[in-house]
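>>> Sequence and computational prediction follow.
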Amino acid sequence: MFKKKSSVALARFRGIGSLPDLVEEYNGERGLARMFHSVGLPLVVLQKPDTPIPVSLMSELFDVGARLLGDRTVGLIAGERTTHAGWGRWTDYGSQARNLEDGLRRLHATTWAHMSDFQMGLEPVGRGWVWRVIPPVRLDRVTQYTDHLIIPMLTFARIYLGRDWRPGWIEVNYPRDSAVHIIESYLGVALRCGGVVLPCHSHQKISSGNGLVHTRESLKPCLCGK
């Protein structure tokens, strides 16, 4: 259990998902060891997924992993291989609700089980909803960390909205670069970069199993559906 406020933001190591496997698969054991050594984290933590580690180290691991592999999609692929199920009992609890609204409220009420200094909220916007998630990550380490959250958030929403549901767009708060189109093509959804939030509208409600889920962070992966 984490305190809601602490001097150092912590998260359970399992939140890193399949990143270690991905790095070892393409860069070998030496590459994996190099990644962990670069942030001062011992490899033994791989055997203890519920160990709390600083969120800053987790975001640095994603950044280093992407540089080691030379692949812009590392965060996204790690998140895809992990899905929401990789977050353990926290999302297990959220996935047993009656509908998406109740599921998100369950997550919001128990964020302390996954990460400290972690903000999450569900708010109505027009005829849709906003799901805000604000983990404490430095903006210069945001890109890969943000990308690794997108697909787990999608797979959680799809528990209630159906496996084929996808948002109208996804907002992230890193700048558009020459490789953003790769992420857009992979997801089949346009990215809105730079943290600009535009109005969203929907005639459906998430409690009915069809609706708008607009996820936003200060890292802001943001899913917007109609």
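Thanks, I have the structure now. Quantities reported herein were computed from a predicted structural model and do not represent experimental measurements.

>>> for this structure, what helix or strand is lowest in average pLDDT?
strand 214-216 (a mean of 41; mean pLDDT, DSSP states H and E).

>>> got a pLDDT number for the residue positioned nearest the centre of the chain?
Central residue of the chain (Cα atoms, centre = their mean): Leu149, 1.6 Å from the mean position. Looking at Leu149, its pLDDT reads 88.

>>> could you check the distance from it over to Leu76?
Distance, Leu149 to Leu76, by Cβ to Cβ, to the nearest Å: 10 Å. (Glycine included, C-beta is placed from N, CA and C.)

>>> repeat for His37
Taken as Cβ to Cβ, the span from His37 to Leu76 is 25 Å.

>>> Kindly report the same for Arg105.
When Arg105 is compared with Leu76 (using Cβ to Cβ), they lie 27 Å apart.

>>> Who has more neighbours out of these two?
The neighbour comparison of Arg105 against Leu76 (other Cβ atoms under 10 Å) goes to Leu76, with 21 against 16.

>>> Can you name the residues in contact with the helix or strand hosting the more buried one?
Take DSSP states H and E as the rule and Leu76 turns out to sit in helix 74-82. With contacts defined as Cβ atoms under 8 Å, 6 or more residues apart in numbering, helix 74-82 is touched by 16-19, 21-22, 62, 65-66, 71, 143-152, 183, 186-187.

>>> Next one: the closest residue in space to Arg89 that isn't next to it in sequence from Trp131, what distance?
Leaving aside its chain neighbours, Arg89 sits nearest to Ala113 (7.0 Å; criterion: Cβ to Cβ, 6 or more residues apart in numbering). Note on Ala113: its distance to Trp131, by Cβ to Cβ, is 18 Å.
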